[in-house]
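> From the sequence below, what's the structure:
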Amino acid sequence: MFLGCMRLGGEVGSGPLDAADIEAAEAAVGAALEAGITAFDLADIYRRGRSELVFGEVLRRAPDLRGRITVQTKCGIRLAEGDQPGHYDLRGASILRRVEESLERLGVDSIDTLLLHRPDPLADPADIGAALGSLHRQGLVRSFGVSNMSGAQIAHLQAHTPVPLVANQLQMSLRRRDWLEAGVLVNTAESAGTGFPLGTVEHCLANGIQLQAWEPLAQGRYTGLQETPAETAAARLIAELARVKETTPETIVLWWLQRHPARIVPVVGSTRPARIAACGDAVRRAPDLTHEEWYRLWVTARGAALP
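Prediction:
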C-alpha cells in the first residue's frame with residue numbers, strides 16, 4: 001500500500017514551508033510507518049511542488065528513513081500558468097528536466113519509481129523511451145510506470161521503451177467501478193456507458209504490471225458522508241462487515257479492491273493520522289472477504305442487480 005502525499009505541503013502559494021507544514025507531513029509519514037505503509041506516492045504537480053519539497057524535508061530530518069521506504073513520483077502534467085492552459089508534456093527533454101527538479105525537491109539521489117502521469121497525444125513514444133532509458137542507465141530512476149493509461153496505450157509505449165513498465169495507477173474504488181463493470185457489461189445495453197477501455201486490467205495482469213488505485217477510499221463516501229441511497233446502504237453493510245471481522249470500515253473498503261485477482265495496491269490519500277491508522281489492517285491482514293461478501297458489496301454499492 002502507498003500513502004498518497006498529494007495533500008502534504010500546505011496551501012499553494014502560501015510562501016516557504018513553515019513549521020506547521022513540516023509537522024503535518026511528519027505526522028502523516030509517522031502514522032503511515034506505524035500502520036506498516038512504507039511506500040509513498042508523490043507527483044511534481046502536487047501543491048505545485050510543495051508536496052515533494054515537504055517530503056524532502058521529512059527525509060532530511062530523518063536520515064535513516066530513505067533506506068526503509070519506497071519513493072514514487074510522477075511527471076507529465078503541466079498546470080495552467082498565465083495565458084498557457086493546463087496541458088500534458090511527455091517530451092523526452094521535459095521528462096528529464098522534471099525528474100531533475102523532483103530529485104532536487106526531494107533531496108534524494110534516485111527515485112524508486114517514476115510514473116508518466118497522463119497520456120500526451122503529441123508525444124513521440126520513441127522519444128519517451130529514450131528518456132526513460134537514459135534515466136535508468138544513470139541510476140536516477142530505478143523503475144517506471146504510467147498513470148491513467150489504457151492497456152493499448154501501455155503496449156504501444158512499451159514497444160518503444162527499453163525498460164519495463166511495471167505499474168499503472170488508475171482511479172479505482174467501490175464507488176468508481178467502471179474498471180470492473182466494463183468487463184461484465186459486455187453484450188449489454190449499458191456497456192457503452194462505462195467509459196473504461198476494456199482489456200486494460202487484463203493487459204496489466206498478463207504483463208505483470210501492478211495496478212495501483214488512486215482515491216481508493218472514495219473520498220470517505222462509505223466511512224463518512226453519503227450522498228445517495230446506494231452509498232448509504234453500502235456504508236451500513238461495510239460497518240456490519242467491519243464489526244464481524246473486527247476491523248475498521250476503511251479496511252473493508254480497501255479489502256474489496258485487494259481481494260481482486262489483480263492484487264490492486266491502494267494509494268491512500270489521507271493526511272490525518274487517525275484515518276491512516278484505520279487502514280492498517282489492509283496492510284497487516286490478508287483480505288478477509290468471501291466470494292459472496294465481495295459480490296454483496298459490489299451489488300449494494302452499484303444500487304442495482306448485475307446483468
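> List the single closest residue to R66 in space, sequence neighbours excluded.
Spatial nearest neighbour of R66, chain neighbours left out: L59 (5.5 Å); criterion: Cβ to Cβ, 6 or more residues apart in numbering. Every residue, glycine included, has its C-beta placed from N, CA and C.
> let me redo that: V163
For V163, the spatially nearest residue (Cβ to Cβ, 6+ apart) is H136, at 4.9 Å.
> next one: D288
In space, D288 is closest to K245, 5.3 Å off (Cβ to Cβ, 6+ apart).
> do the same with H260
Counting by Cβ to Cβ, 6+ apart, L180 is the residue found nearest to H260 once chain neighbours are left out, at 7.7 Å.
> For the stretch 1-150 of the chain, which segments count as strands?
2-4, 39-41, 70-75, 77-78, 87-88, 111-116, 141-147 (DSSP state E, counting those that start in this stretch).
> Next, the angle from the next helix or strand after the longest one to strand 111-116.
Just to be clear, that refers to strand 141-147. Of the helices and strands lying after strand 141-147 in sequence (DSSP states H and E), the nearest is helix 151-158. On the basis of axes from the mean of the first three to the mean of the last three Cα atoms, to 10 degrees, helix 151-158 is oriented at 120 degrees to strand 111-116.
> quick one: contacts of helix 151-158?
116, 119, 125, 128-129, 146, 149, 164-165, 168, 197, 199-204, 207, 209 (Cβ atoms under 8 Å, 6 or more residues apart in numbering).
> Just the buried residues of that helix, please?
G151, Q153, I154, L157, Q158 (16 or more other Cβ atoms under 10 Å).
> where does the third one land on pLDDT?
What the model reports for I154 is a pLDDT of 98.
> same question, the last one
What the model reports as pLDDT for Q158 is 98.
> again, but for the one 4 residues further on
P162 carries a pLDDT score of 97 in this model.
> you'd agree it is up against L135?
No. Assessed by Cβ atoms under 8 Å, P162 is found out of contact with L135, at 11.0 Å.
> Which one's more surrounded, these two?
Just comparing P162 and L135: by other Cβ atoms under 10 Å the higher neighbour count belongs to L135, 22 against 12.
> For that one, which non-adjacent residue is spatially closest?
V141 (4.3 Å).
> The one you found reaches L116, doesn't it?
No. With contact defined as Cβ under 8 Å, V141 and L116 do not form a contacting pair (11.4 Å).
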